[in-house]
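Peer 1: The following block contains a protein sequence and its predicted model.
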Amino acid sequence: MKEFKHFINGEYMGSNSGKQFENRCPVDNSLIGMVHEAGREEVDAAVQAARQALKGPWGKLTQAQRTELLNKVADRINERFEEFLDAECKDTGKPRSIASHIDIPRGAANFKAFAETVANHPTEGFRMDTPDGKGALNVGHRTPKGVIAVISPWNLPLLLMTWKVGPALACGNTVVVKPSEETPATTTLLGEVMNECGVPPGVFNVVHGLGPDSAGEFLTAHKDVDAITFTGETRTGEIIMKAAAVGLRNISLECGGKNPGIVFADCDIEKAVEGTMRSAFVNCGQVCLGTERVYVERPIYDKFLARMKEEVAKLKLGRPEDKEANFGPLVSLEHRAKVKYYYDLAVEEGATVEIGGGIPDMGAELNDGAWIEPTIWTGLSDDARVIREEIFGPCCHIRPFDTEEEVIELANDTEYGLAAAIWTENSARAVRVGEQIEAGLVWVNSWFLRDLRTAFGGAKSSGIGREGGVHGLEFYTELKNICIKL
Ligand code: NAD
């Protein structure tokens, strides 16, 4: 039986309380292992280790030495690729073909990309006039923020965790990570990599547990945490924002979405179908940037819907190791209950179920897993809950539209503002519409194409702040102005 322990000050340890919870594989609900649940005591030990490490050898490293260490970490993840891949696929049930292209390589790349970004970021300088004519020089100087709490979700566990740990460490901070209770494995494994690469003890710490009245709450409320970076549901983001208000600690929140896909009649329809298929169904629809509302210009509506149904029918459900499979289960039975609730609600709200809508029969070996059918609806009204609330499952609603003005209004008619995808071969229109979409990320004729140097984050209820590229520096460093009178 596998045991997932905390990683504190360079050592693996259990909880003094002895409290543990199960980690189950969503493919067949088999038990992967037991996870130690941190109490206040373990969280405090991790935060204190992180604070001490700031004053130790880590705090004295040059930028070049830190870059070298983080490059080593990335290389070591790639050397242990198969172990990370196995761990991620067991925890999430996702196809190996997907995790081996997205989760693990991008998870490793985050360390290299941010080390390079930080190393190459110039500092600000302003020469100013003074009455004596001699002037003064202003120089910006960035210092690490301190101890960063990283609270991460389960949908892309390694990738979204290193997306925060990479820049945090590149900027010289130390971290305490609380991975999702659903997916503890790859974060735990990363502790071994940190030790193998010679990252000093206390720089990277992991505490396991749940959110409320558990490790998540204890960590975000801890007064020695200097800033909190969170990816997860908007509701949880609101709770964390309140916790961060005590001591005026900085936050970065990457939260939910209800993202529109806009398909104009002048698009390349095959490109649009391929992209919308990915954006609605990859990772079993569990991608924050995914498309749950699709708007199609009326002349191509019937054709687009028919092509989408054809492609959904071709999705192959199966175990992670099944080479033919491109569609895994949801992350847990609990999450499936939530998604299934929305599937039933859609019917109650008057949807036409174009395809899917239920729980598939996967055979005796897999029927205990968290499987669900990929689903397309039509016919819902714009105020239906299924149209307004984030489902985070493999489903989308497709609706026709007639004018550009109408579709912009429909796309923006949501409390969320994370991402949008626009499909058109008219680049002037793409820019015009893209500029009017209230979202942090807009893709034109693509989806999930990410350059790590660019800003990432959401508008409205989808988040606060931007990470990615140099934008993360605002969160992960304290910018000081040094004014030198000449
Ligand atoms: P979640 O909010 O339930 O959990 C995220 C993390 O927060 C977990 O580690 C959880 O244990 C912790 N947590 C829960 N309650 C807490 C509390 N009271 N205090 C402190 N920590 C707490 O989200 P999830 O279900 O893991 O992930 C799915 C959600 O994440 C979706 O809404 C999705 O859109 C969002 N998401 C957003 C992005 C983005 O970049 N904007 C990326 C991925 C996922």
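Peer 2: Looks like it arrived, so ask away. Worth saying up front: this structure is predicted, and the values here are computed from it rather than measured. Residues are numbered from 1 along each chain as shown.
Peer 1: So what touches stretch 37-55?
Peer 2: For stretch 37-55, contacts defined as Cβ atoms under 8 Å, 6 or more residues apart in numbering pick out 6, 8-9, 13, 15-17, 19-21, 36, 59, 144, 146-147, 173-176, 178, 200-203, 205-210, 214-215, 218-219, 222, 224-225. All C-beta atoms are positioned from the backbone trio N, CA, C, and that covers glycine.
Peer 1: buried sites along it?
Peer 2: Across stretch 37-55, burial judged by 16 or more other Cβ atoms under 10 Å covers 37-39, 42-54.
Peer 1: now, among these, which is nearest to L31?
Peer 2: Closest to L31 out of these is E37 (16.1 Å), distances taken as Cβ to Cβ.
Peer 1: gap between that closest one and E467?
Peer 2: 28 Å (Cβ to Cβ, to the nearest Å).
Peer 1: and if you look at A53?
Peer 2: A53 sits 22 Å away from E467, going by Cβ to Cβ.
Peer 1: Filter the buried residues of stretch 37-55 down to the ones in helices?
Peer 2: Those of the buried residues of stretch 37-55 mapping onto helices are 42-54, per DSSP state H.
Peer 1: can these go into a markdown table with extra columns for pLDDT and distance to the ligand?
Peer 2: Listed next are these as a markdown table, based on pLDDT from 0 to 100; distance: Cβ to the nearest ligand atom, whole Å:
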| residue | pLDDT | distance to the ligand |
| --- | --- | --- |
| E42 | 98 | 15 |
| V43 | 98 | 11 |
| D44 | 98 | 16 |
| A45 | 98 | 18 |
| A46 | 98 | 14 |
| V47 | 98 | 14 |
| Q48 | 98 | 19 |
| A49 | 98 | 20 |
| A50 | 98 | 17 |
| R51 | 98 | 20 |
| Q52 | 98 | 24 |
| A53 | 98 | 22 |
| L54 | 98 | 23 |
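Peer 1: For the protein, what lies in contact range of the ligand?
Peer 2: Selection of the chain residues close to the ligand by Cβ under 6 Å from any ligand atom yields 151-155, 160, 178, 180-181, 210-212, 216-217, 220, 231-233, 236, 239-240, 254-257, 288, 390, 392, 418, 458, 462-463.
Peer 1: Show me which residues of stretch 143-163 are buried.
Peer 2: In stretch 143-163, counting by 16+ other Cβ under 10 Å, buried: 144-163.
Peer 1: and M128, what are its phi and psi?
Peer 2: Note on M128: backbone dihedrals following degrees, to the nearest 10 are phi -120, psi 150.
Peer 1: quick one: pLDDT of it?
Peer 2: pLDDT for M128: 98.
Peer 1: Against the centre of the protein, work out the most remote residue.
Peer 2: D132 (53.2 Å; Cα atoms, centre = their mean).
Peer 1: quick revisit: now that you've got the residues of the chain next to the ligand, can you turn the buried subset into something I can paste into ChimeraX?
Peer 2: A single ChimeraX command suffices to select whichever of the residues of the chain next to the ligand are buried according to 16+ other Cβ under 10 Å:
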select :151,152,153,154,155,160,178,180,181,210,211,216,217,220,231,232,233,236,239,240,254,255,256,257,288,390,392,418,458,462,463
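Peer 1: Convert the C-alpha atoms of the helix or strand where R66 lies to CSV, please.
Peer 2: Secondary structure from DSSP states H and E places R66 in helix 63-79. Provided in CSV are the C-alpha atoms of helix 63-79 (Å, rounded to 0.1, in the frame of the first residue of the first chain):
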residue,chain,number,x,y,z
GLN,A,63,20.5,34.2,-9.9
ALA,A,64,22.8,32.1,-12.1
GLN,A,65,23.1,29.4,-9.4
ARG,A,66,19.3,29.4,-8.9
THR,A,67,18.8,29.1,-12.7
GLU,A,68,21.2,26.1,-12.8
LEU,A,69,19.4,24.4,-9.9
LEU,A,70,16.0,24.8,-11.5
ASN,A,71,17.3,23.6,-14.9
LYS,A,72,18.5,20.5,-13.0
VAL,A,73,15.1,20.0,-11.5
ALA,A,74,13.5,20.1,-14.9
ASP,A,75,16.0,17.7,-16.3
ARG,A,76,15.5,15.3,-13.4
ILE,A,77,11.7,15.3,-13.9
ASN,A,78,12.3,14.3,-17.5
GLU,A,79,14.8,11.6,-16.5
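Peer 1: Quick check: which helices or strands does it pack against?
Peer 2: Judged by 3 or more Cβ pairs under 8 Å, 6 or more residues apart in numbering; DSSP states H and E, the packing partners of helix 63-79 are helix 103-119, helix 157-170, helix 185-197.
Peer 1: Let me see the contact set for G10.
Peer 2: Per Cβ under 8 Å, 6+ apart, neighbours of G10: G191, M194, N195, P200, P201, G202.
Peer 1: What is the nearest of those residues to G357?
Peer 2: G191 (42.1 Å).
Peer 1: Any idea how many residues pack against the closest one?
Peer 2: For G191, the count of nearby residues is 21 (other Cβ atoms under 10 Å).
Peer 1: Who's the closest spatial neighbour of it, skipping the chain neighbours?
Peer 2: The shortest distance from G191 to any non-neighbouring residue, by Cβ to Cβ, 6 or more residues apart in numbering, is to F7 (3.4 Å).
Peer 1: go on, E196?
Peer 2: R76 (5.8 Å).
Peer 1: Could you count how many residues lie near A428?
Peer 2: With other Cβ under 10 Å as criterion, A428 counts 8.
Peer 1: so where does it fall, helix or strand?
Peer 2: Counting by DSSP H and E, A428 is part of helix 427-436.
Peer 1: Name the residues that touch stretch 442-450?
Peer 2: Contacts of stretch 442-450 (Cβ under 8 Å, 6+ apart): 267-268, 271-272, 275-276, 278-279, 282, 287, 289, 291, 419-425, 427, 430, 434, 456.
Peer 1: per-residue confidence averaged over stretch 270-283?
Peer 2: pLDDT averaged over stretch 270-283 gives 98.
Peer 1: What's the first helix or strand after the helix holding A428?
Peer 2: Following helix 427-436 in sequence, per DSSP H and E, is strand 441-444.
Peer 1: quick one: strands adjacent to that following strand?
Peer 2: strand 419-423 (parallel) (DSSP bridges).
Peer 1: Serialize the helices and strands packed on helix 63-79 to CSV and add fields for distance to E406 and mean pLDDT.
Peer 2: Output for those, formatted as CSV (distance: least, Cβ to Cβ, whole Å; pLDDT from 0 to 100):
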stretch, distance to E406, mean pLDDT
helix 103-119, 36, 96
helix 157-170, 35, 98
helix 185-197, 44, 98
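Peer 1: among these, which is nearest I300?
Peer 2: helix 103-119 (33.1 Å).
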